[in-house]
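Engineer: requesting a structural model of the entry that follows:
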Amino acid sequence: MAQLRQNDSTSAKALTFTILTAARTGEVTGARWAEIDLKQKIWTIPAERMKAGREHRVPLSEAAVALLRSLPHEGNYLFPGPRSGKGLSNMAMLQLLRSLRDDGATVHGFRSSFRDWAADQTDVPREVVEACLAHAVGDGAELAYKRTDFL
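Structural biologist: Residues are numbered from 1 along each chain as shown. This is a model prediction of the structure:
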């Protein structure tokens with residue numbers, strides 16, 4: 001994180017946001033300003049951009065909000081790519097990560113790190129942690145009755 005904070009590139013900011021939100025690469029590279037509510041500190045990812053096809057609300061930490069406020073608000077994308085009207089490429093963050101470390105770390109691995117941290121360092125219930133990762137937990141009957149996203 002210290003190295004990322006010293007890097008002012010779009011890729012570094014996108015990777016930082018990915019880590020802070022435990023989001024998937026595609027969710028971040030496709031993130032649009034219309035999905036962000038800075039007043040409520042919530043990022044609402046529409047169902048069509050989610051792996052499971054369900055809308056996902058992400059609470060934004062103070063660090064994530066500060067990062068968003070530091071971004072230029074030009075165009076639709078939080079993290080615009082070099083091609084006009086497109087978001088950052090899905091390889092941009094991985095290439096940056098590889099330039100910072102050569103141990104085989106992946107961008108998606110930060111989601112696994114989040115899961116391990118939550119289990120090892122917090123008392124947050126498993127269901128809440130899995131909801132943060134947009135994972136469905138439980139059998140069909142249990143999922144049919146689950147209506148909350150714990151936000």
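Engineer: and stretch 40-56, which residues are buried?
Structural biologist: Trp43, Ile45, Arg49, His56 (16 or more other CB atoms under 10 Å). Every residue, glycine included, has its C-beta placed from N, CA and C.
Engineer: widest-spaced pair of these?
Structural biologist: Maximum pairwise distance in these, criterion CB to CB, is 11.2 Å, between Trp43 and Arg49.
Engineer: what residue is smack in the middle of the chain?
Structural biologist: Nearest to the geometric centre of the chain sits Ala23, at 2.6 Å (CA atoms, centre = their mean).
Engineer: check what pLDDT that residue gets.
Structural biologist: pLDDT recorded at Ala23 is 94.
Engineer: any chance you could map the strands in the chain?
Structural biologist: 36-37, 42-45, 56-59 (DSSP state E).
Engineer: paired strands for the last one, with orientation please.
Structural biologist: This means strand 56-59. As defined by DSSP bridges, the strand partners of strand 56-59 come to strand 42-45 (antiparallel).
Engineer: distance from the strand it pairs with to the middle of the chain?
Structural biologist: When distances are taken as CA atoms, centre = their mean, to the nearest Å, strand 42-45 is centred 10 Å away from the chain's centroid.
Engineer: related to what we said a few turns ago, show me the contacts for the residue nearest to the centre of the chain.
Structural biologist: Counting by CB atoms under 8 Å, 6 or more residues apart in numbering, Ala23 makes contact with Phe17, Ile45, Val58, Arg111.
Engineer: hmm, back to that, just give me the closest of the buried residues of stretch 40-56 to Val65.
Structural biologist: Among these, and counting by CB to CB, the member closest to Val65 is Trp43, at 9.9 Å.
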